[in-house]
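I would like the atomic coordinates for the input below:
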Amino acid sequence: MTVRVATADLISRARAGDGDAFHELTAPHRRELQVHCYRMLGSVQDAEDALQDTMLSAWQGLGEFEGRASLRTWLYRIATNRCLNARRSASRQPATEWNIPDVDPPEPTRLGEVVWLEPFPDALLEGAIEVPLGPEARYEQTESISLAFVTALQVLPPRQLAVLILRDVLGFHANEVADMLDSTVESVTSALKRARASLQRRRPPNADHEPPPAPDSPVEDAIVAKFVSAYESADLEAVVALLTDDVFISMPPMPFEYEGRDVVARFCAGIFGAGRRFDLVPTRANGQPAFGTYLRAPDGSCHGVGLFVLTLTGDRICAMTRFENSVLPWFGLPRSLPSRPSQR
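I've put the predicted structure just below:
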């Protein structure tokens with residue numbers, strides 16, 4: 001049985017109410033659709049909600065699928081419009097106050113806009129970023145899931161955001177995007193031009209750096225090992241030696257942002273100077289090295305206080321993003337670590 005005939009058979013069975021057939025039909029696309037929703041919304045939780053809405057709408061509307069476009073394209077149409085609705089109606093997570101006890105932070109360089117940003121576990125990228133892209137794609141899949149890129153997307157107007165992702169990230173043709181958005185090719189082309197210009201203006205300060213080392217390469221492993229050793233031992237000099245001159249720290253949902261090695265050094269000095277000592281547990285987020293961060297308590301236990309994600313350039317760290325401890329379970333990380341007898 002050819003793929004086309006098998007797909008037609010599944011569609012026919014699903015239209016007749018066969019839930020297993022619908023799942024088999026849509027399962028190959030779920031991961032990439034979840035990543036698409038994440039790029040549009042910047043939040044793992046919102047992306048999961050949008051994905052569920054997409055699947056429900058697809059199940060309910062399968063009778064309207066005419067087969068003029070591929071099933072994948074039809075699902076992207078639904079997902080994109082669900083995300084646009086979410087962007088227009090969402091009550092975004094508000095900024096939170098500084099919440100690190102006994103630490104008086106330096107004056108921030110600026111206050112960030114995208115306080116709802118959440119990290120995306122690499123485990124959910126498997127099977128999602130290996131899919132073939134259309135000929136119009138301008139970004140590597142790994143770049144287009146990075147924290148810096150997803151953050152930049154969030155400040156685009158919703159329609160420009162959708163057009164840029166569909167055209168430049170996924171590589172759909174202009175006429176396909178126009179059909180997805182019930183628009184015209186001219187409108188899509190205009191929106192794409194404005195989105196590209198806006199994205200260029202908002203490029204992060206480290207956008208011109210060397211590319212990061214390959215994941216799990218010896219260079220990446222060496223930087224990560226040095227960072228873990230320095231941070232766990234509260235060796236401020238060793239931490240600062242790993243940073244670029246224009247290193248950038250952000251910490252959503254707190255809006256505090258710091259740019260430049262001197263102010264980041266003062267920030268880290270405040271953390272270490274308060275007597276806070278940590279254990280770091282490695283993981284990966286957005287294709288980047290990440291760590292569950294656990295604060296050592298006097299009794300030897302370690303309590304999860306957040307997640308660090310590193311952005312690398314060459315053999316240096318050009319950005320660090322700190323997230324709240326509520327994200328730890330998404331990465332299979334515990335809320336706390338067992339007591340360390342040697343510390344009692």
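
which stretches of the stretch 1-150 of the chain aren't confidently modelled?
Scanning the stretch 1-150 of the chain for pLDDT under 70 picks out the ranges 1-6, 90-91.

where do the strands sit along it?
With strands called from DSSP state E, counting those that start in this stretch, the stretch 1-150 of the chain shows them at 110-111.

in it, which spans are helices?
Here the stretch 1-150 of the chain has its helices, by DSSP state H, counting those that start in this stretch, at 3-15, 19-41, 44-61, 71-89, 147-154.

Can you lay out those as TSV showing mean neighbour count and distance to S217?
Glycine gets a C-beta too; all of them are placed from N, C-alpha and C. Output for the helices of the stretch 1-150 of the chain, formatted as TSV (neighbours: other CB atoms under 10 Å; distance: least, CB to CB, whole Å):
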stretch	mean neighbour count	distance to S217
helix 3-15	14	36
helix 19-41	20	23
helix 44-61	18	26
helix 71-89	19	32
helix 147-154	21	19
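
partner strands of whichever helix or strand G306 is part of, parallel or antiparallel?
In this structure, G306 sits in strand 302-313 according to DSSP states H and E. Next to strand 302-313 in the sheet, as set by DSSP bridges, lie strand 288-296 (antiparallel), strand 316-323 (antiparallel), strand 336-337 (antiparallel).

returning to what we had before: among the helices of the stretch 1-150 of the chain, which comes closest to L166?
Evaluated with CB to CB, the helices of the stretch 1-150 of the chain place helix 71-89 nearest to L166, the distance being 6.7 Å.

Counting neighbours, which bits of the strand holding G306 end up buried?
Residues 302, 304-313 are the ones in strand 302-313 that count as buried (16 or more other CB atoms under 10 Å).

how many other residues sit next to F291?
Neighbour count of F291, defined by other CB atoms under 10 Å: 25.

So it sits against P282, correct?
Yes. With contact defined as CB atoms under 8 Å, F291 counts as touching P282 (5.8 Å).

between these two, what contacts are shared?
Common neighbours of F291 and P282, using CB atoms under 8 Å, 6 or more residues apart in numbering, are V228.

ok, the closest residue in space to S183 that isn't next to it in sequence - contacts?
Spatially, and ignoring its direct neighbours in sequence, S183 is nearest to V177 (7.7 Å; CB to CB, 6 or more residues apart in numbering). Counting by CB under 8 Å, 6+ apart, V177 makes contact with 163, 166-167, 183, 188.

Helices of the stretch 151-300 of the chain, residue ranges please.
Taking DSSP H, counting those that start in this stretch to define them, one finds helices in the stretch 151-300 of the chain at 158-164, 174-180, 185-201, 218-232, 236-241, 261-273.

Including mean pLDDT and distance to P101, could the strands paired with strand 302-313 go into a markdown table?
Below are the strands paired with strand 302-313 laid out as a markdown table (pLDDT from 0 to 100; distance: least, CB to CB, whole Å):
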| stretch | mean pLDDT | distance to P101 |
| --- | --- | --- |
| strand 288-296 | 97 | 10 |
| strand 316-323 | 97 | 15 |
| strand 336-337 | 92 | 17 |
